[in-house]
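> need a structure here:
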Amino acid sequence: MKGEPIAKRVPADRKEDETNWARVRAMTEEEVDRRAERDPDNPAWTPQELAAARLIAPSAEPKVPVSIRLDREVVDYFKGQGPGYQSRIGAVLLAYVRSQEHNAAG
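The predicted structure is shown next:
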């Protein structure tokens with residue numbers, strides 16, 4: 001990594017939002033619910049999933065810079081969701097740590 005330039009993104013560099021917000025704002029709550037129910041990428045949660053769900057609040061502790069090797073598939077998946085992929089990876093890892101602590105205490 002030495003010698004490679006560090007790229008910093010600024011808001012102007014981000015891809016323009018393609019969402020038609022006027023159409024979204026015009027939708028009723030019922031219409032939003034109907035569309036969500038038909039969305040194959042948004043399956044309804046089962047009662048078991050809801051019972052197991054836990055709120056994972058971000059840590060107030062400062063972040064610690066590390067270097068880590070991850071599988072390409074993992075990095076591609078999180079990067080494919082857009083900016084903030086490192087924070088999302090951190091949130092998944094934090095959820096895992098807290099679930100293990102919860103299971104050990106239970």
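> Pull the contacting residues for Gln100.
Applying Cβ atoms under 8 Å, 6 or more residues apart in numbering to Gln100 gives no contacts. Glycine gets a C-beta too; all of them are placed from N, C-alpha and C.
> which secondary structure element contains it?
Assessed by DSSP states H and E, Gln100 sits inside helix 85-105.
> Report the buried residues of that helix.
Neighbour-count burial for helix 85-105 flags Tyr85, Ile89 (criterion: 16 or more other Cβ atoms under 10 Å).
> what's the average pLDDT for that helix?
Averaged across helix 85-105, pLDDT comes to 88.
> Over to stretch 67-75?
Here the average pLDDT along stretch 67-75 is 95.
> And the contacts of that stretch?
Contacts for stretch 67-75 (Cβ under 8 Å, 6+ apart): Tyr85, Ile89.
> hmm, try it at 10 Å
Applying Cβ atoms under 10 Å, 6 or more residues apart in numbering, the set of residues contacting stretch 67-75 from outside is Met1, Asp76, Tyr77, Phe78, Tyr85, Gln86, Ile89, Val92, Leu93.
> Just the CA coordinates for stretch 42-59, please, in PDB.
Extracted C-alpha coordinates of stretch 42-59, given in PDB (Å, rounded to 0.1, in the frame of the first residue of the first chain):
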ATOM      1  CA  ASN A  42     -37.900  -7.700   1.300                       C
ATOM      2  CA  PRO A  43     -39.400 -10.900   2.800                       C
ATOM      3  CA  ALA A  44     -41.500 -10.500   6.000                       C
ATOM      4  CA  TRP A  45     -39.800 -11.300   9.200                       C
ATOM      5  CA  THR A  46     -40.900 -14.500  10.900                       C
ATOM      6  CA  PRO A  47     -42.000 -14.300  14.600                       C
ATOM      7  CA  GLN A  48     -38.700 -16.100  15.500                       C
ATOM      8  CA  GLU A  49     -36.600 -13.500  13.700                       C
ATOM      9  CA  LEU A  50     -38.500 -10.700  15.400                       C
ATOM     10  CA  ALA A  51     -38.000 -12.300  18.800                       C
ATOM     11  CA  ALA A  52     -34.300 -12.800  18.200                       C
ATOM     12  CA  ALA A  53     -33.700  -9.200  16.800                       C
ATOM     13  CA  ARG A  54     -31.600  -6.900  18.900                       C
ATOM     14  CA  LEU A  55     -30.700  -3.200  18.500                       C
ATOM     15  CA  ILE A  56     -27.000  -2.800  17.900                       C
ATOM     16  CA  ALA A  57     -26.200   0.800  18.800                       C
ATOM     17  CA  PRO A  58     -22.900   2.300  17.500                       C
ATOM     18  CA  SER A  59     -20.100   2.400  20.000                       C
END
